[in-house]
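**Student:** Got a sequence here, can you build the structure:
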Amino acid sequence: LVDEVDVFMGPECVGKTHDQVARLQHPSARKVLESLWQRRTDAKTSQAAQKLCFDVKSGEQYQKLVKAFKTFEMVIESQVRMMCANLHDYMQKNDPMPEFN
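**Tutor:** The predicted structure follows:
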């Protein structure tokens, strides 16, 4: 490991971030995202955003996603909560956007 420090600390690494990302590619992941976006106007209040989050987590597509990625269940749940909170913030700042297909 020590021998490779010079490679790690080379100019292509120094000062850059190295974010770890796990892409969950599954049809249910897209459907959960689409469901949240379609219901974004339901997140106008904080309480409504919490209900939206509960509804999505109770839904079939979310359950399929969690079943497909059992080891990522906590990450999925936290990201869905974050998306609901972000939708609430978005709805506070913006008029509802037109639908895009």
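
**Student:** how would you label residue 21: helix, strand or coil?
**Tutor:** Following DSSP: H, G, I helix; E, B strand; the rest coil, residue 21 is assigned to coil.

**Student:** in what helix or strand does the residue nearest to the spatial centre of the chain lie?
**Tutor:** By Cα atoms, centre = their mean, the chain has its centre lying nearest to residue 79, at 4.0 Å. Element membership for residue 79, per DSSP states H and E: helix 73-93.

**Student:** Touching that helix from outside, list them.
**Tutor:** 22, 24, 32-33, 36-37, 40-41, 43-46, 48-50, 52-53, 56-57, 62, 65-66, 69 (Cβ atoms under 8 Å, 6 or more residues apart in numbering). For the C-beta atoms, the positions are set from N, CA and C on the backbone; glycine is no exception.

**Student:** what about 10 Å?
**Tutor:** Residues outside helix 73-93 that contact it (Cβ atoms under 10 Å, 6 or more residues apart in numbering): 22, 24, 28-29, 32-33, 36-37, 39-57, 62, 65-70, 72, 96-97.

**Student:** buried sites along it?
**Tutor:** Across helix 73-93, burial judged by 16 or more other Cβ atoms under 10 Å covers 76, 80, 81, 83, 84, 87, 88, 91.

**Student:** if we can go back for a sec, now, which of the contacts of helix 73-93 lie within helices?
**Tutor:** When DSSP state H is applied, the contacts of helix 73-93 are split such that 28-29, 32-33, 36-37, 46-57, 62, 65-68 fall in helices.

**Student:** how many neighbours does residue 41 have?
**Tutor:** Residue 41: 12 surrounding residues under other Cβ atoms under 10 Å.

**Student:** Now do the closest residue to residue 36 other than its chain neighbours, the pLDDT please.
**Tutor:** Leaving aside its chain neighbours, residue 36 sits nearest to residue 83 (5.5 Å; criterion: Cβ to Cβ, 6 or more residues apart in numbering). Per-residue pLDDT puts residue 83 at 93.

**Student:** Same check on residue 48?
**Tutor:** Residue 48 is given a pLDDT of 93.

**Student:** what's the closest non-adjacent residue to it?
**Tutor:** With Cβ to Cβ, 6+ apart, the residue lying closest to residue 48 is residue 42, at 5.6 Å.
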